[in-house]
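Engineer: Sequence and predicted structure below; questions after.
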Amino acid sequence: MANISEEAANRIPLDFSSVKSLPDSHAWPHPGCSDGLSGSGSIPVVDLMDPNAMEAIGLACESWGAFQLNNHGIPLSLIEQVEVQATRLFTLPAHRKFKAQRSPGSITGYGPALISPFFPKSMWHEGFTIIGSPSDHAKRIWPYDHARFCEIMENYQKQMKKLAEEVTRMILKLVGVRDEEKEWVGSSESSGALQLNWYPPCPEPERAMGLAPHTDTSLLTILYQAQTSGLEILKQGEGWVPVRPHPGALVVHAGDLLHVMSNARFPSVLHRVTVNRTRQRYSFAYFYGPPQHCVISPPAFQNSVPRFRALTVKEYMDIKANNPDLALSSITIASTH
Ligand SMILES: O=C(O)CCC(=O)C(=O)O
Ligand SMILES: [Fe+2]
């Protein structure tokens, strides 16, 4: 188990404004493209207004586990407001941000990436995680001036939830989930969380890592990435493929829960973020999925052999929180080979 100081270090990001060279704590032995594989191609683009959007989403999820989404209905002006507020937050002096740091055992508030404890080196990244109202944490940073931040973050989550529901309904239809098993979609019960990510400019980007490779635990993640590149996804047989920001588009990732519910038809996409010497980067990830008490399992149909055992979302989240790399294999019950 981590001792107190390691635990504290995991909860407080480096004060990036004060460092001029890459500290050893942030120097990764093999980050970036040094694994030799660099994939070509790019993830499919889906127009949500297209009458064939559902089929296009199915094909994209099957082959990539991710796609760019256009015509999604989220106003650009709202995204810009989120960007203004995220900038306002992350450009504060470190001591102000530390006031909102996550408490032990909690996931909301300011801090390093939630996956940090599973990697030997630290990431060139700061995050702020919100579930519902961020007011408890925002008040600690801006005692008299937090209302606008809260209003915009709550509004963004509301709009993201609606979009996530629309995409989830299509995806669960493709997967063959029965109506009574998807009653949680569109209810107040579903779980959603918003993660604001900031990657400051880095003096030695070739040796640093913005966000280490991981899959999201969610059913799906809807990500906005501001103009700077950095996100990469692993395409089986090809290597790391950059996901370049398309103006106005959102990136949708299939997460672990969808991998289970689709009986492995849709891969839970492995992704990572590289950093930049001169440009900072923002991204906003909205994680969506069934409520914690919901039992998830592969759909039982067409004589297909279920590859995962049934379990509650909470149980899966606990397994993943203890061992992210082995979480999916630990609930695998059969192989197709
Ligand atoms: O910054 C990005 O593009 C990706 C963020 C991400 O993967 C996450 O927050 O889980
Ligand atoms: Fe992610």
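Structural biologist: Received it, and whenever you're ready, just let me know what you need. Numbers count the residues shown, from 1 in each chain. Ligands and ions are numbered 1, 2, ... in the order given.
Engineer: make it CA atoms for all contacts and neighbour counts henceforth
Structural biologist: Fine.
Engineer: For ligand 1, what is the nearest residue in the stretch 1-150 of the chain?
Structural biologist: For the stretch 1-150 of the chain, the residue closest to ligand 1 is Ala113, as judged by CA to the nearest ligand atom, at 7.8 Å.
Engineer: can you map out the strands along this protein?
Structural biologist: For the chain, the strands defined by DSSP state E occupy 45-47, 66-70, 109-111, 126-130, 191-199, 211-214, 220-225, 231-235, 239-242, 250-254, 271-273, 281-289, 295-296, 311-312.
Engineer: nearest to Asp318, of those strands?
Structural biologist: Among these, strand 311-312 comes nearest to Asp318, with 10.0 Å by CA to CA.
Engineer: starting at the chain centroid, how far to the closest one?
Structural biologist: In terms of CA atoms, centre = their mean, to the nearest Å, the gap separating the centre of strand 311-312 from the centre of its chain is 21 Å.
Engineer: Show me what that strand is packed against.
Structural biologist: In terms of contacts (3 or more CA pairs under 8 Å, 6 or more residues apart in numbering; DSSP states H and E), strand 311-312 is packed against strand 295-296.
Engineer: what residues does the strand it packs on touch?
Structural biologist: With contact meaning CA atoms under 8 Å, 6 or more residues apart in numbering, strand 295-296 is reached by 257, 260-261, 310-313.
Engineer: Next, format the residues you listed as CSV and append distance to Glu206, neighbour count and pLDDT.
Structural biologist: Below are these laid out as CSV (distance: CA to CA, whole Å; neighbours: other CA atoms under 10 Å; pLDDT from 0 to 100):
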residue, distance to Glu206, neighbour count, pLDDT
Leu257, 33, 26, 98
Val260, 35, 27, 97
Met261, 37, 23, 96
Ala310, 42, 17, 95
Leu311, 41, 15, 97
Thr312, 40, 16, 97
Val313, 37, 21, 97
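Engineer: Save those as JSON lines, and put in distance to ligand 1 too.
Structural biologist: As requested, those are arranged in JSON lines below (distance: CA to the nearest ligand atom, whole Å):
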{"residue": "Leu257", "distance to ligand 1": "14"}
{"residue": "Val260", "distance to ligand 1": "18"}
{"residue": "Met261", "distance to ligand 1": "20"}
{"residue": "Ala310", "distance to ligand 1": "25"}
{"residue": "Leu311", "distance to ligand 1": "23"}
{"residue": "Thr312", "distance to ligand 1": "21"}
{"residue": "Val313", "distance to ligand 1": "18"}
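Engineer: Point out the ones among the residues you listed that are inside helices.
Structural biologist: Among the contacts of strand 295-296, the residues falling in helices (DSSP state H) are 257, 260-261, 313.
Engineer: Please, where are all the helices along this protein?
Structural biologist: With DSSP H as the criterion, the chain has helices spanning 4-11, 53-63, 76-90, 94-98, 135-141, 147-175, 256-261, 313-322, 327-330.
Engineer: Would you tell me which one of those helices is buried the most?
Structural biologist: Mean neighbour count (mean count of other CA atoms under 10 Å) peaks for helix 256-261 among the helices of the chain, with a mean of 26.
Engineer: re earlier: do you know which of the strands of the chain lies nearest Asp136?
Structural biologist: Here strand 109-111 is closest among the strands of the chain (CA to CA), at 8.7 Å.
Engineer: Just the mean pLDDT for that closest one, thanks.
Structural biologist: Mean pLDDT, computed over strand 109-111, is 96.
Engineer: what distance separates that strand from the centre of its chain?
Structural biologist: Taking CA atoms, centre = their mean, one finds strand 109-111 lying 15 Å from the centre of the chain it belongs to.
Engineer: Export stretch 46-54 to PDB, keeping only CA atoms.
Structural biologist: Provided in PDB are the C-alpha atoms of stretch 46-54 (Å, rounded to 0.1, in the frame of the first residue of the first chain):
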ATOM      1  CA  VAL A  46     -20.600  10.300 -38.100                       C
ATOM      2  CA  ASP A  47     -23.300  12.900 -38.800                       C
ATOM      3  CA  LEU A  48     -25.900  12.400 -36.100                       C
ATOM      4  CA  MET A  49     -28.600  13.900 -38.400                       C
ATOM      5  CA  ASP A  50     -27.900  11.300 -41.100                       C
ATOM      6  CA  PRO A  51     -30.700   8.800 -41.500                       C
ATOM      7  CA  ASN A  52     -28.100   6.100 -41.400                       C
ATOM      8  CA  ALA A  53     -26.300   7.400 -38.300                       C
ATOM      9  CA  MET A  54     -27.100   4.300 -36.300                       C
END
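Engineer: just for the stretch 201-337 of the chain, where's the confidence low?
Structural biologist: In the predicted model of the stretch 201-337 of the chain, residues 301-303, 334-337 satisfy pLDDT under 70.
Engineer: So which bits of this structure are right by ligand 1?
Structural biologist: Proximity of the chain to ligand 1 (CA under 6 Å from any ligand atom) is limited to residues 195, 197, 216, 225, 231, 273, 283, 285.
Engineer: contacts for stretch 133-146?
Structural biologist: By CA under 8 Å, 6+ apart, stretch 133-146 touches 96-97, 99-101, 109, 147, 149-150, 153-154.
Engineer: Check stretch 112-128 too.
Structural biologist: Taking contacts as CA under 8 Å, 6+ apart, the residues outside stretch 112-128 that touch it are 10-13, 25-28, 90, 107-111, 195-200, 202, 208-212, 214, 275.
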